[in-house]
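In: Sequence isn't available, so here's the structure alone:
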């Protein structure tokens, strides 16, 4: 039985970057955890997964791997790395093998945000500032939400239909944060996924937007710490 604190590795989603974890990082560091926020290229999900796997190769283990939004697909795949001992999904996709984000959402009512995405000449998608504030981060203080919109990383449109590989959540203890007012991923889908992956614990946050890691960093941090403490105890 080990009492060593695991390292926390944070994986951002599309139209975001590692700075979206800032509030969570500060709280985890205050609790004595070593934390790394990976900056994925957002050029494709395989590229994002490779970037996280590269980081896991040099980051000291054991690791609690945390993913937001499309970062959930990344940790589902990169979570098979031997150093990863637990997964935390934050308002995220949690696919099974050979399943895509589009597959996950097909049984749920489409969200208005789906028609708001803009595409550049390379087929990468983004949100205009007004739509980012309206759909992605409506519960974030406007000044901060505008900064998030400015720093968003446009992501490849192909990630919506990319089929996931073997799901790490089948073999690693997993935890889930459900955002009850998510306008990017249906909150009903998030709740379903939490049950599907047999989450050790699910935290459902009322009125939370897709940017729950920014607007509600305390409960998100608490769940990550709970996962980390279980890993430290050898559970």
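Out: It's in. Here the structure is a predicted model, which is why all the values come from computation and not from measurement. Numbering: from 1, shown residues only.

In: Report the beta-bridge partners for residue 65.
Out: When assigned by DSSP bridges, residue 65 has beta-bridge partners residue 9, residue 87.

In: residue contacts, it?
Out: In this structure, residue 65 makes contact with 9, 11, 52, 56, 75, 78-79, 81, 84, 86-88, judged by CB atoms under 8 Å, 6 or more residues apart in numbering. Placement of C-beta: from N, CA and C, glycine included.

In: And it, how far from residue 130?
Out: As judged by CB to CB, to the nearest Å, residue 65 and residue 130 stand 33 Å apart.

In: Now for residue 113, how many residues are close by?
Out: Residues lying near residue 113 (other CB atoms under 10 Å) number 18.

In: Strands of this structure, start to end?
Out: Ranges of strands within the chain are 7-11, 35-38, 63-68, 84-90, 118-119, 124-126, 155-156, 174-179, 201-205, based on DSSP state E.

In: Next, format those strands as CSV and append distance to residue 27 and mean pLDDT.
Out: Shown next, in CSV, are those (distance: least, CB to CB, whole Å; pLDDT from 0 to 100):
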stretch, distance to residue 27, mean pLDDT
strand 7-11, 11, 98
strand 35-38, 10, 98
strand 63-68, 13, 98
strand 84-90, 14, 98
strand 118-119, 33, 96
strand 124-126, 29, 97
strand 155-156, 27, 96
strand 174-179, 14, 98
strand 201-205, 15, 98
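
In: Quickly compare those and say which is most buried.
Out: Stretch with highest mean neighbour count among those: strand 63-68 (a mean of 30; mean count of other CB atoms under 10 Å).

In: Tell me the gap between that one and the middle of its chain.
Out: Averaging C-alpha positions (CA atoms, centre = their mean, to the nearest Å) puts strand 63-68 8 Å from its chain's average.

In: what's the answer for stretch 97-112, then?
Out: Centroid displacement of stretch 97-112 relative to its chain, using CA atoms, centre = their mean, is 16 Å.

In: Which residue lies nearest the spatial centre of this protein?
Out: With distances taken as CA atoms, centre = their mean, the chain has residue 68 as the residue nearest its mean C-alpha position (1.2 Å).

In: can I assume it is in contact with residue 13?
Out: Yes - Residue 68 lies in contact with residue 13 (CB atoms under 8 Å); the separation is 4.7 Å.
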